[in-house]
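Chemist: Mind looking at a prediction? Sequence and model below.
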Amino acid sequence: MNASSAEKGLFISFEGVEGAGKTTNIEYIADKIAQGGHEIVLTREPGGTKLSEAIRELLISKEYPEMHIKTELLLMFAARSEHLNTVILPAINAGKWVLCDRFTDATYAYQGAGRGIPEDIIATLETLVQGSVKPDYTFLFDLDAEIGLGRAKNRGETDRFEQQHIDFFNKIRDKYLELAKSDEPRYRIVNAQYDLDTVQKQIDQLLTDILDL
Ligand code: TMP
């Protein structure tokens, strides 16, 4: 098979409030998928390319505490446009499985529910940047926002988002749960309140169910 006739890969995103254990569990999932014989690209948003990582630095830096929410929104989509076109789509077209730590659902949750930007504005930018591209599956690591934020703060220095009041994160958790309900075929919820072993047992089950791993 040559590259042009390669079967398309899968696009899987991971979401959740800060401290829900995404990073650790994505690595666990990546190992499982690699063991299943698939080539993977592990990436994140905002970020995933040199330019998008530079935009990420602007977004999370506490040097810009008063960044306008529309600037924040546009920077998220600027980073996404670069990432999608230069990393994600080429990888999927080459048959690789892309595992992305956050994607556009995070924009609906953080900039939409958190910051109060109307959803139709986000949807317009989503169409502009992505067309109809969406993840095939999204794993939501669901956790009480206060527990998650506590875990994130224990890890060390906080970023610009982690400075927000708990109300902001409660809205984000609720929005993620609403998104999961409204797009059930795409979403899988992992209950992240348990110890690592128990969380990974849930993950094993989901990987068997949906990805035959
Ligand atoms: P991370 O800590 O999961 O790497 O994400 C960095 C921060 O960026 C996190 O607080 C969530 C936020 N974020 C948004 O506000 N909107 C988005 O679209 C994305 C992808 C992330």
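Modeler: Received it, and whenever you're ready, just let me know what you need.

Chemist: pretty sure Ile12 belongs to a strand, no?
Modeler: Yes - going by DSSP: H, G, I helix; E, B strand; the rest coil, the assignment for Ile12 places it inside a strand.

Chemist: So it sits against Phe139, correct?
Modeler: Yes - using Cβ atoms under 8 Å as the test, Ile12 is close enough to Phe139 to be in contact (7.0 Å). Placement of C-beta: from N, CA and C, glycine included.

Chemist: So for those two, which residues contact both of them?
Modeler: When contacts are counted by Cβ atoms under 8 Å, 6 or more residues apart in numbering, the set common to Ile12 and Phe139 consists of Ile29.

Chemist: in stretch 190-202, what's buried?
Modeler: Under the neighbour-count criterion of 16 or more other Cβ atoms under 10 Å, stretch 190-202 has Val190, Ala192, Val199, Gln200, Gln202 buried.

Chemist: where does this protein dip in pLDDT?
Modeler: Counting by pLDDT under 70, the low-confidence segments of the chain come to 1-6.

Chemist: buried set for the helix or strand hosting Leu58?
Modeler: Counting by DSSP states H and E, the element that carries Leu58 is helix 50-60. Residues of helix 50-60 classed as buried: Ser52, Ile55, Arg56, Leu58, Leu59, Ile60 (neighbour count, 16+ other Cβ under 10 Å).

Chemist: same deal with stretch 132-150?
Modeler: Along stretch 132-150, these residues count as buried under the neighbour rule (16+ other Cβ under 10 Å): 134-145, 148-149.

Chemist: tell me which strands and helices the one helix or strand Ile26 maps to is in contact with?
Modeler: Taking DSSP H and E as the definition, Ile26 sits inside helix 22-35. Judged by 3 or more Cβ pairs under 8 Å, 6 or more residues apart in numbering; DSSP states H and E, the packing partners of helix 22-35 are strand 11-16, strand 40-44, strand 97-101, strand 137-142, helix 196-211.

Chemist: need the residues of this structure near the ligand, please.
Modeler: Glu18, Arg44, Glu45, Pro46, Ile60, Met76, Arg102, Ala106, Thr107, Tyr110, Gln111, Phe161 (Cβ under 6 Å from any ligand atom).

Chemist: what sits against the fourth one?
Modeler: Okay, so that is Pro46. Ser52, Ile55, Arg56, Leu59, Leu75, Met76, Ala79, Arg80, His83, Arg102.

Chemist: how about a markdown table for these, with distance to Lys181 added?
Modeler: A markdown table is the format used below for the contacts of Pro46 (distance: Cβ to Cβ, whole Å):
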| residue | distance to Lys181 |
| --- | --- |
| Ser52 | 30 |
| Ile55 | 31 |
| Arg56 | 29 |
| Leu59 | 28 |
| Leu75 | 29 |
| Met76 | 23 |
| Ala79 | 28 |
| Arg80 | 24 |
| His83 | 27 |
| Arg102 | 19 |
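
Chemist: just those residues now: which is nearest Ile121?
Modeler: Taking Cβ to Cβ as the measure, Ile121 lies nearest Met76 of those, at 12.2 Å.

Chemist: Check whether the closest one really touches Thr107, as I assumed.
Modeler: Yes - at 5.4 Å, Met76 and Thr107 qualify as touching, with contact defined as Cβ under 8 Å.
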